[in-house]
Structure formats: C-alpha cells, structure tokens
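Colleague: Build me a model:
(chains A, B, C and D)
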Number of protein chains: 2
Amino acid sequence: MTKPQNPPRSGRRVRGSTTGRPVMVLLDLLGRRWVLRILWELRDRPLNFRELQAACGGISPSVLNSRLAELRETLIIELLPDEGYALTKLGRELLSQLTPLAVWSEKWAKSLK
Amino acid sequence: MTKPQNPPRSGRRVRGSTTGRPVMVLLDLLGRRWVLRILWELRDRPLNFRELQAACGGISPSVLNSRLAELRETLIIELLPDEGYALTKLGRELLSQLTPLAVWSEKWAKSLK
DNA sequence: CTCCTTGCTACCATTTCAGTAGCAAAATCT
DNA sequence: AGATTTTGCTACTGAAATGGTAGCAAGGAG
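Modeller: Predicted coordinates for the structure are as follows:
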C-alpha cells in the first residue's frame, strides 16, 4: 500500500427514508451491500485494498472503493499509509457491538436446519 | 391483516461470497436493503403489511414482500393472522443485539458534526 | 530503465430497486 | 345480501446499484 492519496469525497447522499435520526442513518449505512462484511474482515488487522477485495470474495473494485469512501467519510475506517485500511476507534466500537452476532448466528443456523 | 396465506417460498439463494459460515450468511442477510430497517420497525409490536410499508417510508411493496419472504424463511419474522408481521423468538434475540447500536449511533453522530 | 505491485477508474452487462397501478380475498358497512 | 373499504400482494417500467473485466498512473525493487 502506497498512496494515502485522495481524501474521501464529501457529500454522501442519504438514501431512502432516513428521518435524520442517527440510528436510521446508521441502519441505512450498515444496510448497504458489503458494508457489514467489510467491517467484519477488518476485525483483526488492517488490510490493503486488494487484500480486502480478496477477503470479500472478489467484490468489484468500483463498489469496494465507494464503500470504503463512505466508511471513511463517516469516520469508521481510515486509510493508514503503509498499513492499509483500518478501523478507527469509532469503528472498533461499532464492530464490538457486532461481534455477538457471530455467536448468535451459530444458534440461528441450527434452527434453520 | 387477514390472510396467513401462502407459506414462504423455499430456496433462498445465497448471494455473493458467503463461505457458508453462519456469520457470513447472517451479515449477508442483514446487509440487504431494508432488512435492518424492517427489524427495527418491528421492535415494539407487530405491524401489518401496509403499516410496515409506511413505517419504512414508502418502500415499494414488491421489495417489501421479498424481504418479508426472506425473513420468514429464515425464521426471523412470522406472519400472525389478525396481528401482522412479528418478530419470532429468534428475531427478538437478534434485535436485542442490535439495539445497543441505537445508543452508539448518538455518540457517532456527534463525532460526525 | 524494466518489472512488479497497488490503489483506483472506466466501461458495460446484469441485477436490484423505486414508483405506480391495480387485483383478489377478506373484513366492514348499510 | 350487496356495496364499500381494507389488505396482502403482483405486474410493469424506468432508474439506480452492482458485477466483472480491463487497464491506467504512481511507487518500489532490481
């Protein structure tokens, strides 16, 4: 990883019907394709663009790039020169609230069989 | 709400690159448009189809219908005659893990300003 | 210089979603 | 009973998001 280059483009559009309440904005953000997955893949360590792309099973770079831009604008991840994309402090807080889902999902999977 | 009618169609396709691990399947499900929002709107009480549609800010009925079908197949919600769509026991467990996000989102919103 | 890696853009085919109209069945009214 | 309203849901079309591939510009290595 080499270029910390261009800063996040500002002006993220708020889609749909978020009434402006933070929880709605958050659900809206997390509900976008690949966002949860990206956070999940960054749980252990920073990954660079192509590592992240591979970890997400070959997500197309254009989509990955726009998701990363959105997550950077919202201060959930950051791009560290020579390290790659990493969760910020906020991002780690958010992820910590998501990790119980991994446990629950096991139980859920059993119910589905 | 009147017709408990046709049962959920089986055979939900697993999109993208879920490796089959339950947590991946879950993140994939939750990452679909409107899913988190639907769960959120059902947090207090069952809602019928049109109430839910209104609560989600006018989501188109075709999309709502397919999301509801998916959530029913995965046993997260159910359609109760004379009550409407409601979280199942599993669904309530899932939602309870999501509610801390509402608190966190307030803090997050302050950081964004 | 050449070769490789990396972040990212461009382009187009495919899928998904939005938005509206409206139907069939059940409930409600008269 | 007949008429009207409500409700779950489908159909259809245009718009938007995504998938998939190719490849560029810049930095590093040799």
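
Colleague: Now do the helices in chain A.
Modeller: Assigned by DSSP state H, the helices in chain A fall at A:22-30, A:35-41, A:49-55, A:61-73, A:89-98, A:100-112.

Colleague: Could you dump those helices into CSV and include mean pLDDT, distance to DNA strand C and mean neighbour count?
Modeller: The C-beta positions use only the backbone N, C-alpha and C, and glycine is treated the same way. What follows is these, written out as CSV (pLDDT from 0 to 100; distance: least, C-beta to the nearest atom of the strand, whole Å; neighbours: other C-beta atoms under 10 Å in any protein chain shown):
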stretch, mean pLDDT, distance to DNA strand C, mean neighbour count
helix A:22-30, 95, 10, 21
helix A:35-41, 97, 12, 22
helix A:49-55, 97, 3, 16
helix A:61-73, 97, 4, 16
helix A:89-98, 96, 16, 16
helix A:100-112, 95, 20, 15
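
Colleague: Distance to B:R33 for those helices - can I get that in CSV?
Modeller: As requested, the helices of chain A are exported to CSV (distance: least, C-beta to C-beta, whole Å):
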stretch, distance to B:R33
helix A:22-30, 9
helix A:35-41, 11
helix A:49-55, 22
helix A:61-73, 14
helix A:89-98, 18
helix A:100-112, 19
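
Colleague: for those helices, which one sits closest to DNA strand D?
Modeller: Shortest distance between DNA strand D and the helices of chain A, using C-beta to the nearest atom of the strand, is found for helix A:61-73: 4.0 Å.

Colleague: and the angle from the closest one to helix A:22-30?
Modeller: In terms of direction (axes from the mean of the first three to the mean of the last three C-alpha atoms, to 10 degrees), helix A:61-73 departs from helix A:22-30 by 160 degrees.

Colleague: Report the closest residue of chain A relative to DNA strand D.
Modeller: Closest point on chain A to DNA strand D, by C-beta to the nearest atom of the strand, is A:S60, at 3.0 Å.

Colleague: For that residue, give its distance to A:R50.
Modeller: Separation of A:S60 from A:R50 (C-beta to C-beta, to the nearest Å): 13 Å.

Colleague: What of A:W34?
Modeller: According to C-beta to C-beta, A:W34 and A:R50 sit 15 Å apart.

Colleague: A:I76 too?
Modeller: 20 Å.

Colleague: residue contacts, the residue nearest to A:I38 when sequence neighbours are not counted?
Modeller: Spatially, and ignoring its direct neighbours in sequence, A:I38 is nearest to A:R67 (5.9 Å; C-beta to C-beta, 6 or more residues apart in numbering or on different chains). By C-beta atoms under 8 Å, 6 or more residues apart in numbering or on different chains, the contact set of A:R67 is A:32-35, A:38.

Colleague: What parts of chain A come near chain B?
Modeller: Listed as neighbours of chain B in chain A under the rule C-beta under 8 Å from any C-beta of the partner chain: A:16-17, A:19, A:22-28, A:30-37, A:40, A:56-59, A:74-75, A:90, A:93-94, A:97, A:100-102, A:104-106, A:108-109, A:111-112.

Colleague: let's see it at 7 Å
Modeller: Residues of chain A lying near chain B by C-beta under 7 Å from any C-beta of the partner chain: A:16-17, A:22-23, A:26-27, A:30-31, A:33-37, A:40, A:56-58, A:74-75, A:90, A:93-94, A:97, A:100-102, A:104-106, A:108-109, A:111-112.
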